[in-house]
Each structure stands twice: as structure tokens, then as C-alpha cells.
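Asker: need coordinates for the following:
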Amino acid sequence: MTPIAEIKMETKATCPYCGVGCGVLIEHDGARISGVRGDPEHPANFGRLCTKGATLHFSAQPETRLLHPELRDARGEPRRRVGWDEAIDTAARRFADVINAHGPDAVAFYISGQLLTEDYYVFNKAMKGLIGSNNVDTNSRLCMSSAVAAYKQTLGADAPPCAYEDFAHAECILIAGANPAYAHPIAFRRIEDAKKARPELKLIVVDPRRTDTAAGADLHLAVLPGTDIWLYNAMLHVLLWEGFVDQAWVAAHTEGFEALRDHVRDVTPAIAAQVCGIKAEDIVTAARWWGQSPAALSLWCQGLNQSAHGTHSGAALIALSLATGKIGRPGCGPFSLTGQPNAMGGREVGGLANLLSAHRELANPAHREEVARLWGVPSVPEKPGLTAVELFEAARAGKVKAVWIACTNPAQSLPEQELVREALARCDFVVLQEAFRSTETAPFADLMLPAATWGEKEGTVTNSERRISHVRRALPPPAEARPDWRIVCDFARALGPRIGKPQAEAMFGYADVEAIFAEHAASTAGRDLDITGLSYAVLDAAGPQQWPFPAGAAVEDAAARTRLYADGRFPTPSGRARFVVPTQALTVEKVDARYPLHLNTGRLRDQWHGMSRTGKVARLYSHVDEARIELHADDLALRGLRDGELATVRSRRGEIVLRAFASEDIRKGQAFVAMHWGRNVLNTAGVNVLMAGDFDPFSKQPELKHAAIQVEKAALPYQMLLMRAERPGRAVTEDAEALVPWLERFAYASLALAGRDDPAVVMRIAHDRPIPVAWLDELDALVGLDGDDCLSYADVRRGISKRALIEDDRLVGLRLAGETVAGAWLRDVIVERQSTAELRRWLLAPLAAPPAAAKGRGRIVCNCLNVAESDITAAIAGGDGFEALQDKLKCGTSCGSCVPEIRRLVAAGRSAA
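Answerer: Model prediction:
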């Protein structure tokens, strides 16, 4: 008989990162998750996972979890552990006091596209049906609301009409404002597969930067930030001029074309080229490829959405599909790539301040009556609620007095971070429902409620192609953590009697999570997303399914649900799709002599959102291990900066300090900073300190993609580096968490993890004055570098102090102050667990280059198989091409996320040769 401890099980779930919705199999023993692999049967990924998904099990550790409810009795006091009864009673009492004194609009929920659909549903019902306000919004407002508004303005409903299989059928793919090679890697693998199978497929990428996605394109249109609408209008101009518009289809199935035709008449490629900063002939080429291809597909994401005219950017792009009749057929249509794992599910249940359940309209009295009848309440409120930016502005102004935040991190992710933090500090009562105890929002919480997370909860999610997956629970939540839906229902039942609504007991008396799904499915009857034919049993038996799936639908008819609008009928009053005449606005903020650089933001390959999960996995820092700003080499030189030096980055709202690097992928006058880094890894809140809160008038989505900035060299001569390998009985994430409060003491400080199987924490510091000896002593003690067994060196006159700890012939700890040039190779000595027998005499020496005995590897390109850039470039220098690299080093043969970068290294090697 197999011992119980050796029993391994697999549970089906989905990846909790991007909106591709990859299926995963969680490997576990019933008590702890030990591994993860792609689900070969899931139609979104067929077994593939990206670097983030493939390392999920490393993030499923209890050391930094929130395990018990915590409450503070007054601001400024520490929170204390309380039981669930006291926590729920306190939340209900405090919310009821505000509602009874100031009305229902004085409270708000701010929730997340990472919640399961059932969680979303009860949050929405609690605010709109029980409390009587529409003040429930979500971080999906920051990523997808412009796509929602664009779909509704043009096609009539928030319903992506395409599917991933369309990649294999398209003859022209236009990717706009998206870098799927990084942000949606598994979807991009399918595009690469299509290109490999059919080299004649034309790939057009619209992006200010030469991203890994753009590097693989047949045509890269490096437009200036905010000029997308001019590009698509000029492309439509060419389509009209050269006869590619399907006039018969337009006449039969659309309305409003004449007004748009007249609008673009004067938007010639020559004029648009001047606005966009690209060649007119490239605009003509893009339009011809689109017009000549029988099947043309567009994809877009945050580059379009995160704009003060994101709705119209999406509408202008959709117009290219409508004008040529390329929608509802294989390989055709406008396809919005979802930014979060269940932003679609949240939209389906009406989890935004301006939506109602099942794609119903808040402004429609009949729709409000339908929802009220479904929920058993007299009415649902008519007034739209506060959207994300508005909500925190209202809290700062004292209008919102109690806010409940769930599964999201506004103290890192929203624009104008200083104002957001001020709002959280001023709000009378802040509840944070969270799985991790130390997000940037946690210090502002009066009440923290421990939530179950990935691998511990059951429900459903919907991915970008409208496909619903049943997520199963592998393990019970740790300690006192509970599923999100249960926390909300417990709160609603406790709140109801306090605000005169005893019906809350019946409204939220669900026996289990499946009962919530059944109610949600029933609410969709007769709607465009009708899923009355779905249940957990159907999803378990037949696998993930696309909507619509009405009662009576057959699983065997799935092909008929792959695409929408094949019949040319659209869910608008006239049944016709609509053309929209878009604005001609550019970015809200203009560059000028004082702020001369365009700042663009985006994602890294191996991190996600605010890093509350990925930031706990050491190997995910191997590709990029520190926040940085990238500029064109000429812009770097103009400011007297060299690669790796610190720079002050300043906008009209605030400033941050980052390391600056030259990049060949960025045009002059532009800069790039990744959006992930916040106060848990920096001494500032990161790039969102710089971003403005201006938002789109239709979607209310803020312009998180652009700011005007200045960059200058930072004079911070006093340097320090601290590294500590994981200690027995103490996770490296615990050391990192203990170091976070130190970050704000310094003019510049960053935290990162390093390594793979033997992780370490790395703290880099630069200060404008000598670092006090007392601070060094405190830091040494914090990480166990204060013992007499440490090697040490001090030069008081020069302000240099160094300590190194060796255990069992391995360097396990290091602190360099005043001089840090050896930091890079010493990091490799620690994480690679190299012997110090031949290195001991060099450990505290000022050597920028490693001694012969040290084996420095540098940056990791292939995270899955631990292949460094130095390994790859050495093989290329020896004559190896892409296929030989894959054969010898195996790089790029697992998830494939590194394939574009490997190809670039090969091309660079050939060019150098």
C-alpha cells in the first residue's frame, strides 16, 4: 500500500494571471501544493504555461499569508487578532452606522478581476440589491472598461466576437497597443504557431516601443503615444480610396458609415504620418494588407484602453473590421485581450458601477426592474456609482466614509498615488479582504479579513474568448482564511437587520458556491450571454464552454458558438453594428521644455500586476530584478547618464528614483517604466506616482499609459548592498518582508529576490548622506550578519564597511557599504552556492570583474530551464543558430516565453559577425 504521505493528486483549475484563461493541473497531497502543469485538455492552452503560470506552486506558500482576521480599535494603533464573529459584527456595525447617518452612497466596494464569478456576483448583489447604491467598482476599470465601452458603442454588447482558434485562420493580424509576447504569452505562442505554419500570414504591430511582439512583426508601426485613432482613420481612408470597403455588407448590416466616411476623407496617410510619427507608405501598406486579406483579425489591450480616449481608440479599430465586413467568420474580427483572469466574469455579473447583471443597462428601467425582481428587492438604484478614480477622490473629500477593498491593491495600482494614499488615510473605515498580509494597501486597513486564494477556492472564470471554466479547490484554505463569497454573504446577513432589511438572510443564504452560479446562470436567460444551459456538472463533464449556452444547447454544437455575429445581426435596437466618429484628441498631457519626454508604461515578462504573488517567487526576478527606466541612448547621454546609474524621474505630480538604461527599442524623446514595482520593493510607490488621473469620458478608464516627464542624474553617492540567502526555518520572503519598512528611510532603495532553488533577498541602497553606523548595525542584526563569525572590513576614513558570512564553505550573507562594485558577481556566488575555498580572500575586495574562481552567469533568459544570456551568447559566438540553441541548451523549449528574445540575440550575433 502506498504511504499516505506519498499520495499525489491533481486538481483542475485555471491560471490566476492574464485573461487567456489557461487550464492548470494542481499537484498536491491534500495538504500542500507541490507542483503545477498545464492542462493538456483545456482549449485555451492545451498544456502550455508561461513562466508565471509554471511557477504558481512556488507562490502557494503560507509564510506571507494573512491567516486570521485583524482589527485595530483606533488609527495609529496596531491591529490585533480577532475572531470571525467580532470581525463580521464590527464590519456590519461600522457600515450600518455610515449608511444610516449619511445614506448608502457614503459606502463603497472596490473589488477585483481576480475574483471568481460567484464572488463578484454576491459583491454586486450586496451593494446594489441590499445596501442600495451602485458604488461597486473594480480594478477592471483600470484595464478593460474602454474595451467594454467600445464594444457596446459599435457592436451593441460587451461580447468579444472572436476565439483563439481564429489565430490559425487569419491571413492578417493587427496587434495594437499590446505586447502579448510578455502579457499574454500562451496566446502569442498560438500566433507564432500560425505564422510558422503559414509564413505568408502578415503580422502588423502598433506600439511606440519595439517590444518582443513588435520584433517578430512583418510591419512595426512605432506610433507616437496617443495617436492610434489617426492611424486607424488613415487606414480606413486608404480602404475607401482603394476599394477595399465592402459596401454591400456595410449597407446591409451597419449604420453611421456615412458620417465616419466624411470624417476620414481628409485624414490622408500623409497627414496621419505627421501626427503619428511614422511613414505614410507604412500606413498604406498596413491598410492594403488588411484590405487584401480574406481573413483579418485585430487584437488590442492596454495601449489603447488606458487612454483618455480609449473607447474611441477601440471604436476606430473596430471600424476596420466593420468596413470590410470581416467579422463573424474564421480568422476575422476585433478581439480585445483581457488583462485579468476573470475581468470577463465580473463584467458578466455587472460588477462595475455602471452595469447590471447579465449585460443589463443601468439606465434602462425595465432592466433595473428585472434585476430587482430576480433579487427579491423593491428596486435597484438608478444613479450610476462611483468608478475607480472617482471613488478614491470621493473618499479623499470625505464623501465616501467606509470602503471595502477585496483582492486588489489600490495603494499600488491607481494613478496619482499620493492622492490615493491620502484618501485611504482619511477614510473613516477601511476593510481589506486579502490573501496576503503585506500588500501596499494593508497599512491603511482598519479591518483585515483573510481570504482563500488560488488552489483553495471553487467557482468559475471566463476568459477573453467567452469561455467559462470550472475552477476546483485543491486544498482547504489555511488557518482561518475563508472563500470570498462566504465572507461577503456573512457580512450581508449581519448588515441587513442593521439597515432595516431583514430579507438579507434569505438573499444571501446560499448553501454553497454552486447555488450562486445557478442564480447567476438563471439571471442570463434570454440575454446575449445566456448560460442557462450550463452548470458545474456540464462543465465538469464537457470541459470549458463558450457562451452563449442557453438551456437546450448541446455540447456537440460548440462550433456554432465559437464566433458571434455570423448572421450579420447585432444586439442594437436596429440590429445593425454602428460606426462611431472618434475624437481627434491625443494624450491629455503634453510634453514641453520642462517635461520633454513621453513616458510609456507596460508589463514585464515574468511579473504580474503589483507582484503580491509573483513577487514572492525568486526565479521570477531572474529576467529583470530591479525597477528601471529605459531611454534611447542619445537621451541617456544628453543627461550625463550611463547604464545602471540612478536617475530622478519627475512628472507634474511627483518624482521617483530609478536606474536608467539605454534601449534600442525606444525612440528618441520617449521612456519606458514597468508598472509592477511598488512600495514593497521600492522606497516610493513606483510609476503611478507620476501618472495623472484623467480618464475617458465614456469608460472612466484612466490614462495610465502616458505622462510627460523629465529625467536627470540623481546625486546619491552613498551606496549599500545587502544580500542574505534563505535561512533554515525562515523563508526568504519573511526576510524580505522584514526589510520593507526600511525602504522609505533612504533616497533610493530597492528589494528583490534572487536565485532559483536556493533563493536570497537583495537590498540595494543609495543615499544622499553617509548611512549612519547605527542603521548598518540594525540591518546586520535583522538578517543575521551581526555575529563574530562574519568576515569584516572597515575603512572609517573612506566610509567603507563590509561584512560577509560563510557557512559550510558557502557565502550566505553579505553587506557592502560605501563601495559595492563586486555586488554582481558576489550575488551569483550566493545564489549558485559556489564554493568559497578559492574566493574567500576576494569576497571583500573592490573587484568589478569576478576572479577566475567565480562563475558569474548574469541575467537569466530562459526561466523554465535556467539558461542565462551568457550561455546563449557564448553558443551563438560558436556558430549556433536558433534551432541549435534549442537542441543544445533547451532554451525556449518549455513555455516559449523567451523565444522572441532568443531570436533577437541570434540576430544580433549574426549582425555582429
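Asker: quick one: the helices in the stretch 651-800 of the chain?
Answerer: 732-739, 773-782 (DSSP state H, counting those that start in this stretch).
Asker: which residues are in contact with the shortest one?
Answerer: What that stands for is helix 732-739. 61, 63-64, 438, 616, 618, 722, 724-727, 751, 753, 759-761, 763, 779, 782-783 (Cβ atoms under 8 Å, 6 or more residues apart in numbering). (Each C-beta comes from the backbone N, C-alpha and C, glycine too.)
Asker: could you rerun that using 7 Å?
Answerer: 63-64, 438, 616, 618, 724, 726, 751, 753, 759-761, 763, 782-783 (Cβ atoms under 7 Å, 6 or more residues apart in numbering).
Asker: what angle sits between it and helix 773-782?
Answerer: 160 degrees (axes from the mean of the first three to the mean of the last three Cα atoms, to 10 degrees).
Asker: how about helix 732-739: buried residues?
Answerer: For helix 732-739, a neighbour-count test (16 or more other Cβ atoms under 10 Å) marks 732-733, 735-737, 739 as buried.
Asker: burial of the residue nearest to residue 613 when sequence neighbours are not counted, as a residue count?
Answerer: Spatial nearest neighbour of residue 613, chain neighbours left out: residue 59 (4.7 Å); criterion: Cβ to Cβ, 6 or more residues apart in numbering. Using other Cβ atoms under 10 Å, residue 59 is surrounded by 23 other residues.
Asker: how about residue 59, what does it touch?
Answerer: Residue 59 neighbours (Cβ under 7 Å, 6+ apart): 613-614, 616-617.
Asker: now, which of those residues sits nearest residue 503?
Answerer: Using Cβ to Cβ, residue 613 is the member of these that sits closest to residue 503, with 37.6 Å.
Asker: where does pLDDT dip in this structure?
Answerer: 1-6, 912-913 (pLDDT under 70).
Asker: again, 90 this time
Answerer: Within the chain, the stretches with pLDDT under 90 are 1-8, 61, 852-859, 894-897, 904, 907-913.
Asker: can you check which helix is longest in it?
Answerer: helix 84-102 (DSSP state H).
Asker: what sits up against that one?
Answerer: With Cβ under 7 Å, 6+ apart as the criterion, helix 84-102 contacts 69, 71, 106-107, 131, 401-402, 429, 431, 447, 449, 480, 490-491, 494-495, 498-499.
Asker: mark which of those residues are part of helices, please.
Answerer: 490-491, 494-495.
Asker: out of those residues, which is most surrounded?
Answerer: Neighbour-wise, the ones in helices among the contacts of helix 84-102 (other Cβ under 10 Å) top out at residue 491, 26 neighbours.
Asker: returning to what we had before: among the helices of the stretch 651-800 of the chain, which comes closest to residue 718?
Answerer: Here helix 773-782 is closest among the helices of the stretch 651-800 of the chain (Cβ to Cβ), at 11.1 Å.
Asker: okay, the closest one in PDB with CA atoms only?
Answerer: Extracted in PDB, the C-alpha atoms of helix 773-782 (Å, rounded to 0.1, in the frame of the first residue of the first chain):
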ATOM      1  CA  VAL A 773      26.500  53.200  11.500                       C
ATOM      2  CA  ALA A 774      23.600  52.500  13.800                       C
ATOM      3  CA  TRP A 775      21.400  51.800  10.800                       C
ATOM      4  CA  LEU A 776      24.000  49.400   9.400                       C
ATOM      5  CA  ASP A 777      24.100  47.600  12.800                       C
ATOM      6  CA  GLU A 778      20.400  47.300  12.800                       C
ATOM      7  CA  LEU A 779      20.300  45.900   9.300                       C
ATOM      8  CA  ASP A 780      23.100  43.400  10.100                       C
ATOM      9  CA  ALA A 781      21.200  42.200  13.100                       C
ATOM     10  CA  LEU A 782      17.900  41.900  11.100                       C
END
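Asker: residue numbering should commence at 154 henceforth.
Answerer: From this message on, residue numbering opens at 154, which makes the last subject helix 926-935.
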